[in-house]
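Visitor: Take a look and give me a structure for this.
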Amino acid sequence: MGRTPSWLADAAEELRHWLRRHAAPEAALRLELHLDLKLLDARLEPLPHVSTPYRLAPLPHPMGDLRPDPLARHKGLSGPWRPQVLSEAWHRGAEDALLLWPDGTLAESAIATLAVERDGWLLLPPAEGRVASVAERLDLPAWAEERGWTLRCAPLALDDCAKGQLWCLNALRGLWPATLL
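Guide: I've put the predicted structure just below:
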């Protein structure tokens, strides 16, 4: 975001020390940066398990249309909407939510980047407004090459999910198939 608060270097050093004492090979590190509190929060969480089938409940994006907001690409800066969205998806019998922009096109899920594979193409929604995915930037090119997919970003309607295989991806879980409720 182009900002480096003076206290962050000390917090990062404290985090390195904490990790040397607590790191576990079968855990995920979750970091939360609270600029207003001058706090870098860290915790270890169990590695998640992906359910099969992994069902997605289509829901409107809780923050409306974030596409024009450049800060939306930074997780957490659009507000703490993820727990409420997951709760609604679980209430509907799904593992996650397929979030839609107000025009009905795919945005993301509550925990992952979405893509639709069709005819050798892996189609992703445009990056504007959704969380910048580490897996998308670093892992997806190799995953796509292994499977013979050509990557392309384009607006995707909910109906496009029925015309190919829906996929979710994130850095912690990898790449996994999904279905709509």
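Visitor: Nearest residue to the middle of the protein?
Guide: In the chain, the C-alpha closest to the average C-alpha coordinate belongs to Ala112, at a distance of 3.1 Å (C-alpha atoms, centre = their mean).
Visitor: Packing partners of the strand or helix carrying Glu117?
Guide: Remark: Glu117 resides in strand 113-118, with elements defined by DSSP states H and E. Using 3 or more C-beta pairs under 8 Å, 6 or more residues apart in numbering; DSSP states H and E as the contact criterion, the secondary-structure elements in contact with strand 113-118 are strand 106-109, strand 121-124, strand 165-170. Using the backbone N, CA and C atoms, a C-beta is placed for each residue, glycine as well.
Visitor: show me where the protein has helices.
Guide: When secondary structure is read from DSSP state H, the chain shows helices at 8-22, 82-91, 134-138, 140-147.
Visitor: Show me the one of those helices that comes nearest Glu117.
Guide: Closest approach to Glu117 among those (C-beta to C-beta): helix 140-147, 8.0 Å.
Visitor: and that closest one, what's its mean pLDDT?
Guide: Mean pLDDT, computed over helix 140-147, is 95.
Visitor: What of stretch 10-22?
Guide: The pLDDT scores in stretch 10-22 average 75.
Visitor: any low-confidence regions in the protein?
Guide: Segments of the chain classed as low confidence (criterion: pLDDT under 70) are 1-5, 8, 23-25, 27-28, 33, 46-48, 67-69, 71-81.
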